[in-house]
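[1] take this sequence and fold it.
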Amino acid sequence: MEETVPSVEAYEAAMVLSGVGDALGYRGARWEYCTSGAQIHAELAELGGLEAITLEPPEWPVSDDTILHLATAEGLATGLEDELLLQELAHRYVTAMGDMEGRKPGPTSILGTSQLRPGEPKGYCIPFNPSGTGCGAAMRSLAIGLRYPHAWELPTLIRVSIESGRMTHHHPTGYLGALAVALFGALGARGEPPECWGAELMRVLPLAWDYVESAGVAVADNAAAWPFFGDVWHRYLESRKLLEGHSPPQMPSLPTPAERDVAYLGWALDGWAGRSGHDAPMVALEALLTAGGSWEDLCARGVLHGGDNDSTGTIAAGCWGLRWGLTSIPPGLHCRLEHRGRLRDAAHRLHALAWGRH
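    Numbers count the residues shown, from 1 in each chain. Take a look at the predicted model:
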């Protein structure tokens, strides 16, 4: 089947809106740490709604999510491959931690980057972390799918997402979140609808295990922790009639912020929805499936909830932009966004590397 070639504008929208979803959900740490979606929506209404906001520092900076996503994107945009690419990503993650003032990086990302030794043999490998279940690998991985969008590149996407993910989150629940988001980016770039993304993730998970086993790093620890991610995704997809990826999904309406908060908490670890590698992409996919082409609904469901909303917002808004573009977005949300130029430039380089020969 011939692949649909996305426009460079679609890549630009994906990268820029990933930053928009981050800055909007974060609100200078005010909304990221608010546990009530209803309160966030009430505060948004007081501000005049999405049309009235201008996302720019100091009130609306990007968080650690965008800084680390840029590290991934700009590392991939060098065109390096194999060991050289992994060393480059490790170097960029370490460097990115120097730009975290006021951005609230997670403790697992801080620990992981402190253990990296880029430039040394296997200096991008860190020990297995029984607590490394967070979403810090997932939220920085959309660019991997933009770099390796083709079906025949799946082995590369698996390897790069897993190895880059476990540079900080060496636990399957953490780094499989990176695989999920990278895969969603690749499928979106090829024009595959979100209805099929979950089924494709389930197909790819055994291939991911084959890679982890063959890589030979902490295999026993990874094997013991492996089943959780696939089990929770199987249950979620089954509940939405998405396991086959063919028939229309059965999505609950969840019309109010409070109802969405309850639903998202049902998938969460440690009582914080979207905080983990398994459920940050899950919240994002739920929002994409329900919102369709409505940016406002996408924000309501995927960004403005009482969980780790800058991380789910980074993923959901980036994937949405790949399909729907920037034309319907209020200019204030993206024209003065922090690091907008870097996000745009990375998008253009990734598009050229992925699709230049088409």
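[2] okay, CA-based contacts and neighbour counts for the rest of this
    Noted.
[3] so where's the stretch 151-300 of the chain shaky on pLDDT?
    Applying pLDDT under 70 to the stretch 151-300 of the chain flags no residue at all.
[4] what segments of it are helices?
    Assigned by DSSP state H, counting those that start in this stretch, the helices in the stretch 151-300 of the chain fall at 154-165, 172-189, 197-215, 219-225, 227-239, 257-265, 279-291, 295-302.
[5] and those, which is most packed in?
    Highest mean neighbour count among those (mean count of other CA atoms under 10 Å): helix 172-189, with a mean of 30.
[6] circling back: for the helices of the stretch 151-300 of the chain, which one sits closest to residue 94?
    helix 154-165 (12.3 Å; CA to CA).
[7] who's in contact with that closest one?
    By CA atoms under 8 Å, 6 or more residues apart in numbering, the list of residues contacting helix 154-165 from outside reads 86, 89-90, 125, 137-138, 141, 144-145, 148, 174-176, 178-179, 182-183, 208, 211.
[8] wait, is residue 344 part of a strand?
    No - counting by DSSP: H, G, I helix; E, B strand; the rest coil, residue 344 is not part of a strand but helix.
[9] find the nearest non-adjacent residue to it, please.
    residue 12 (5.3 Å; CA to CA, 6 or more residues apart in numbering).
[10] could you grab the helix/strand/coil label for that neighbour?
    Under three-state DSSP, residue 12 comes out as helix.
[11] I'd say it and residue 349 touch.
    No - judged on CA atoms under 8 Å, residue 12 makes no contact with residue 349 at a distance of 10.0 Å.
[12] around the residue nearest to residue 344, how many other residues sit close by?
    25 (other CA atoms under 10 Å).
[13] what sits against it?
    Going by CA under 8 Å, 6+ apart, the list of residues near residue 12 reads 343, 344, 347, 348.
[14] got those as TSV, with pLDDT, distance to residue 155 and neighbour count columns?
    Converted to TSV, the contacts of residue 12 look like this (pLDDT from 0 to 100; distance: CA to CA, whole Å; neighbours: other CA atoms under 10 Å):
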residue	pLDDT	distance to residue 155	neighbour count
343	98	26	26
344	98	27	18
347	98	22	28
348	98	24	20
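[15] check contacts around residue 167.
    Contacts of residue 167 (CA under 8 Å, 6+ apart): 90, 112, 113, 116, 124, 125, 126.
[16] these two touch, right, residue 254 and residue 264?
    No - the criterion here is CA under 8 Å, and residue 254 misses it with residue 264 at 10.5 Å.
[17] what's the burial count for residue 270?
    Neighbour count of residue 270, defined by other CA under 10 Å: 8.
[18] what about it, distance to residue 133?
    Separation of residue 270 from residue 133 (CA to CA, to the nearest Å) stands at 11 Å.
[19] shared neighbours of the two, anything?
    Counting by CA under 8 Å, 6+ apart, nothing touches both residue 270 and residue 133.
[20] now residue 109, nearest residue through space, not along the chain?
    In space, residue 109 is closest to residue 168, 5.3 Å off (CA to CA, 6+ apart).
[21] angles on the backbone of the one you found, please.
    phi -130, psi -40 (degrees, to the nearest 10).
[22] surely it meets residue 137?
    Yes - with contacts counted by CA under 8 Å, residue 168 reaches residue 137, the gap being 7.1 Å.
[23] what's in contact with the one helix or strand residue 46 maps to?
    Assigned by DSSP states H and E, residue 46 belongs to helix 37-47. Residues outside helix 37-47 that contact it (CA under 8 Å, 6+ apart) are 31, 34, 50, 53, 256-258, 261, 300, 304-307.
[24] give me that answer again for 6 Å
    257, 258, 305, 306 (CA atoms under 6 Å, 6 or more residues apart in numbering).
[25] please report how far the last one lies from residue 246.
    Right, residue 306. Residue 306 is 31 Å from residue 246, by CA to CA.
[26] tell me which of those two has more neighbours.
    Set residue 306 next to residue 246 and count neighbours by other CA under 10 Å: residue 306 wins out with 28 against 11.
[27] pretty sure that one contacts residue 32?
    No - using CA atoms under 6 Å, residue 306 is not in contact with residue 32, being 7.7 Å away.
[28] what's the neighbour count on the residue nearest to residue 119 when sequence neighbours are not counted?
    Computed as CA to CA, 6+ apart, the closest residue to residue 119 that is not its neighbour in sequence is residue 87, at 6.3 Å. Here the count is done by other CA under 10 Å, and residue 87 has 25 residues near it.
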